[in-house]
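[1] Can you look at this prediction? I've put the sequence above it.
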Amino acid sequence: MMTVLERINAELGELSKEVQKSLVRVSSGERGEGAGTIWHAEGLILTNAHVVLNDDIRVTLPDGVRKKATLLAMDRELDLAALAVEAWDLPTIDLGSSDSMQAGEWVIAFGHPWGVNGAATAGVFIGQGRTVQERPQWGREWLAVSLHYRPGHSGGPLVDVNGNLIGINTVMVGPDVGLAVPIHAVKRFLKENLNSI
């Protein structure tokens with residue numbers, strides 16, 4: 001008989017395997033490298049604008065196939081970019097909502113920190129808002145989470161305990177605080193730039 005911790009451990013392992021199916025690696029030049037999230041089965045991928053440094057954008061799909069990507073839209077203020085690769089029937093991520101998230105709920109961020117493929121890091125949801133005290137110029141919507149983003153997490157998915165996408169990993173603002181772009185802001189970005197959600 002499984003203990004409660006063993007059951008939670010097994011369930012989180014299964015959740016990670018599912019989310020990793022829609023996690024890609026994004027590289028742009030020698031220094032630009034991060035993660036991306038498959039949004040649409042026909043090759044639409046979301047990442048951060050700061051991951052996409054030049055026109056030579058490459059995406060490594062979950063099966064290891066590397067493809068050249070086209071930049072469809074970018075918003076530097078939101079730090080979002082939409083990419084397209086020639087691919088079909090890609091595994092997509094289930095969409096969630098951050099509106100109902102409460103402080104203290106568990107969240108998991110996926111990416112490729114320090115080059116480690118498909119890594120997961122867990123923490124808790126702190127809250128959401130429009131300002132960051134140390135950086136008042138960042139007066140836009142954020143999800144604040146207590147976990148450790150590292151180089152390579154940028155652009156990857158932030159999910160709830162059901163594996164649903166609630167945000168796009170973006171930046172650390174302190175030793176224990178990371179910020180993500182909330183899913184509703186991502187949807188708005190896609191609708192305004194691609195007429196798609």
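    Right, received. Where do you want to start?
[2] and the gap between residue 106 and residue 164?
    13 Å (C-beta to C-beta, to the nearest Å). All C-beta spots, glycine's among them, are computed from the backbone N, C-alpha and C.
[3] quick one, helices of this structure?
    4-20, 183-194 (DSSP state H).
[4] Is it possible to get a markdown table of the ones you listed that adds mean pLDDT?
    Below are those laid out as a markdown table (pLDDT from 0 to 100):
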| stretch | mean pLDDT |
| --- | --- |
| helix 4-20 | 89 |
| helix 183-194 | 94 |
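[5] for the ones you listed, which one sits closest to residue 174?
    Among these, helix 183-194 comes nearest to residue 174, with 21.4 Å by C-beta to C-beta.
[6] So for the closest one, what gets flagged as buried?
    By neighbour count on 16 or more other C-beta atoms under 10 Å, the buried set for helix 183-194 is 183, 185-186, 188-190.
[7] can you list contacts of it?
    39, 44, 46, 72-73, 75, 78, 80, 82, 95-99, 140-141, 165-168, 196-197 (C-beta atoms under 8 Å, 6 or more residues apart in numbering).
[8] Narrow those to those that are buried.
    Buried among those (16+ other C-beta under 10 Å): 39, 44, 46, 73, 75, 78, 80, 82, 96, 98, 140-141, 165-168.
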